[in-house]
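Undergrad: please find the sequence and the predicted model below.
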Number of protein chains: 2
Amino acid sequence: MKIAIVIFDKFTDVDLWLMWDLLNRVRVENWSVKILGERDSHISATGISVATQGRIEEANDADAVLFVSGQGTRERITDENWLAKFNLNSEKQFIGSICSGSLILAKLGLLEGKTATTYPTSKAALESFGVEIIEKPFVANGNIATAGGCLAQQYLIGWVIEKLADKSWSDLILKSIQPVGEGLFFDDLEEIKKLYVPVVKAQTV
Amino acid sequence: MKIAIVIFDKFTDVDLWLMWDLLNRVRVENWSVKILGERDSHISATGISVATQGRIEEANDADAVLFVSGQGTRERITDENWLAKFNLNSEKQFIGSICSGSLILAKLGLLEGKTATTYPTSKAALESFGVEIIEKPFVANGNIATAGGCLAQQYLIGWVIEKLADKSWSDLILKSIQPVGEGLFFDDLEEIKKLYVPVVKAQTV
């Protein structure tokens, strides 16, 4: 399974790293997660330089494609060269976004006639695409899903892991990041240890 | 205000980036957040190279010092050279940890006679220091606090922001990452915009 996370300049840091960390907890063979961009590195909203692991064209061959958020989305949706690199297929791929990443999905025509959610600061922009917005953390329609509010990445990534691995992995991984005493307990130790088992990685990583 | 986040090789990615992102949302003058390490860069648990912004000795002059977690903590607590670089003062500094970062606090003698929390996989090791462990997401005793489970960073960082800025910043920043419809709402738009106002940054950053 190949999962692509698409980043760009001025992305919201935690919107990359929470999904990255969760997706990398899956311990199944040939599970590959890659950070894609249009350059060798991109600069986050807080000024952190992040090396990419491939170009965004690779997203077209991934099993799941996830778009991060941030102020940078406003420039992405006006960059026709950047947009033209994508040739996504919602019949074959799972496609999702967190917060203002939904603007990119809308611009790519993936939310036409669909409901979606987003971050409060990008609601008006998403509405301008004619998308019906729902005040929920996660909205999935077929293979396309949007999430709003950083921590709603849990719903989005849970959905991806359930689709590409299974629900037991999704449940375990989401449990593994909960606060102790509020979803994760000391008695979960043996179960949590499954997340530390080495696995065979995809050769293409 | 100077806040130091101490990292090392094999740290848990989201345990750095969630606190980093939250702390960088504070918009008060001369608010500085730095990622410190013993080298120019450190490699995360998933293989990501992260550039440090200063050496760990700088933690000794910070107003708050936060330790991340990860498998790497087991090596840190046996590295006397590394440990000797710290000269923290819990009378003057706020000191905290997420998950197995508590092992470093214990090794530095900061949890003597105190209660604490940690991640399930590091509970036994923390107990071996004679620390009384409580199954809660967040335990604060005076200026020292421990949190357990990645998302319990919300309690830890909320505590730091409340101590070094004020409760209104803490409340707003924690709200800003909640899932839409579950703590963050579209009507919060105007309030959320406060997090995008430019501020004067500390000259030392």
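TA: Alright, I've got the coordinates. Residues are numbered from 1 along each chain as shown, chains lettered A, B, ... in the order given.

Undergrad: who's the spatially most central residue of chain A bridged to?
TA: Compute the mean C-alpha point of chain A, and by C-alpha atoms, centre = their mean the closest residue is A:L66, 3.4 Å away. As for beta bridges, A:L66 partners with A:I5, A:G96 under DSSP bridges.

Undergrad: state the distance from it to B:V197.
TA: Distance, A:L66 to B:V197, by C-beta to C-beta, to the nearest Å: 29 Å. Where C-beta positions appear, they are placed from N, C-alpha and C, glycine not excepted.

Undergrad: same deal with A:G54?
TA: To B:V197, A:G54 is 36 Å away according to C-beta to C-beta.

Undergrad: ok, these two, which is more surrounded?
TA: Between A:G54 and B:V197, A:G54 has the larger neighbour count (other C-beta atoms under 10 Å in any protein chain shown), namely 16 against 7.

Undergrad: which phi and psi does that one have?
TA: Taking degrees, to the nearest 10, you get phi 170, psi 170 for the backbone angles of A:G54.

Undergrad: who's in contact with it?
TA: A:4, A:34-36 (C-beta atoms under 8 Å, 6 or more residues apart in numbering or on different chains).

Undergrad: show me which of those is closest to chain B.
TA: Distance to chain B, by C-beta to the nearest C-beta, is smallest for A:I35 among the contacts of A:G54, at 8.6 Å.

Undergrad: burial check on the closest one, number of neighbours?
TA: Counted with other C-beta under 10 Å, A:I35 comes out at 21.

Undergrad: test of understanding: give the bridge partners of it.
TA: According to DSSP bridges, beta-bridge pairing links A:I35 with A:I5.

Undergrad: quick check: pLDDT value at it.
TA: We have a pLDDT of 98 for A:I35.

Undergrad: residues contacting it?
TA: A:5, A:7, A:16, A:20, A:50-54.

Undergrad: got CSV for those residues, with pLDDT and secondary structure too?
TA: Output for those, formatted as CSV (pLDDT from 0 to 100; DSSP: H, G, I helix; E, B strand; the rest coil):
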residue, pLDDT, secondary structure
A:I5, 98, strand
A:I7, 98, coil
A:L16, 98, helix
A:W20, 98, helix
A:V50, 98, strand
A:A51, 98, strand
A:T52, 98, coil
A:Q53, 98, coil
A:G54, 98, strand
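
Undergrad: of those residues, which is the nearest to A:L105?
TA: Taking C-beta to C-beta as the measure, A:L105 lies nearest A:I5 of those, at 14.1 Å.
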